[in-house]
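1. Quick one, structure for this:
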Amino acid sequence: MSTPAIIGIVDLDQNGAPSGWRAIYCHWGGYPGEVGWLLQTFYDRPAAETLIAGGAVSRLGPDPRTPEGATLRDDSNAPVTLHYRNIPGYESQGDMASAGQVEDYPLHDRRGEFWASNPWRVFWQYLLAPGPDGSEVWLCARAGRRDGRAYQPVPLADALAGAAPSDWELAGWEIQPPRFNRFRLTPDGVTDLDTLVTLSPDDVIAEYRHRVVPGRGND
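-> Alright, predicted model coming up:
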């Protein structure tokens, strides 16, 4: 069963003030221990901008790019981002994206338009937004897909540290770093458990193309 999520970023005007937001749909692994952990560990604003520009994704990896030759058959086999627009036969699903305005209450307020909107009835919502000290922070909230409730957003780092609100009712496995078959993700990159080599996110795509999908998109 999929755990869909919305991943969004707050747009900033020329003075660095919030001016709106853009978001995309993610189909698999939307709980904090997979999508949330990847966003918190690997996605600063440039990476998040690249991710959002590519449209909706089937799965998120540590690098926002989709490898040439990838198919949806691979989406549980390796930690790579799979943009629907790059998958033959699924291009139209890449249009599952939304945008809106930043309103006159704090970005962490559950009444905000981003948090109130849930066009694809996802389970989780994530937003890269300015923090109180001027730095950017990933926020997250459980979405009220099942019960219609409006859950309060919190810093993603707090949720992953076990400090999520009690009404989220998070299970322990929902905040554990993800593993994709023989690949384990760490803050340093992606470790291939067969070779015990740790790759940076920038190297993962080349490794994926040559080992995970041989014969499809190899250089």
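
2. Only alpha carbons, please: show the longest helix seen in the chain as PDB.
-> Taking DSSP state H as the criterion, the chain has its longest helix at helix 45-53. Provided in PDB are the C-alpha atoms of helix 45-53 (Å, rounded to 0.1, in the frame of the first residue of the first chain):
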ATOM      1  CA  ARG A  45      16.600  24.900  -1.400                       C
ATOM      2  CA  PRO A  46      18.500  24.200  -4.700                       C
ATOM      3  CA  ALA A  47      17.700  20.500  -4.500                       C
ATOM      4  CA  ALA A  48      14.100  21.200  -3.500                       C
ATOM      5  CA  GLU A  49      13.700  23.600  -6.400                       C
ATOM      6  CA  THR A  50      15.000  21.000  -8.900                       C
ATOM      7  CA  LEU A  51      12.700  18.400  -7.400                       C
ATOM      8  CA  ILE A  52       9.600  20.600  -7.600                       C
ATOM      9  CA  ALA A  53      10.400  21.700 -11.200                       C
END
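
3. quick one: average pLDDT of that helix?
-> For helix 45-53, mean pLDDT rounds to 96.

4. Just checking the distance from the following helix or strand past that helix to the centre of its chain.
-> The helix or strand immediately downstream of helix 45-53 is strand 57-59, counting by DSSP states H and E. Centre-to-centre, strand 57-59 and its host chain are 9 Å apart (Cα atoms, centre = their mean, to the nearest Å).

5. how about stretch 45-58: buried residues?
-> For stretch 45-58, the neighbour count (16 or more other Cβ atoms under 10 Å) marks Ala47, Ala48, Glu49, Leu51, Ile52, Gly54, Gly55, Ala56, Val57, Ser58 as buried. Yep, even glycine has a C-beta here, placed from its N, CA and C like the rest.

6. Show residues contacting it.
-> Residues outside stretch 45-58 that contact it (Cβ atoms under 8 Å, 6 or more residues apart in numbering) are 7-9, 22-28, 39, 43, 60, 63-66, 72, 75, 81-87, 90, 93-97, 128, 136.

7. before we move on, the earlier item: from the buried residues of stretch 45-58, pick the one nearest His108.
-> Nearest to His108 out of the buried residues of stretch 45-58 is Ala48 (Cβ to Cβ; 17.6 Å).

8. Wait, a strand at Trp138?
-> Yes: counting by DSSP: H, G, I helix; E, B strand; the rest coil, Trp138 is found in a strand.

9. Name the nearest residue to it, ignoring sequence neighbours.
-> Spatial nearest neighbour of Trp138, excluding adjacent residues (Cβ to Cβ, 6 or more residues apart in numbering): Leu156 at 3.9 Å.

10. right, and that neighbour touches Pro32 too?
-> Yes: using Cβ atoms under 8 Å, Leu156 is in contact with Pro32, at 6.8 Å.
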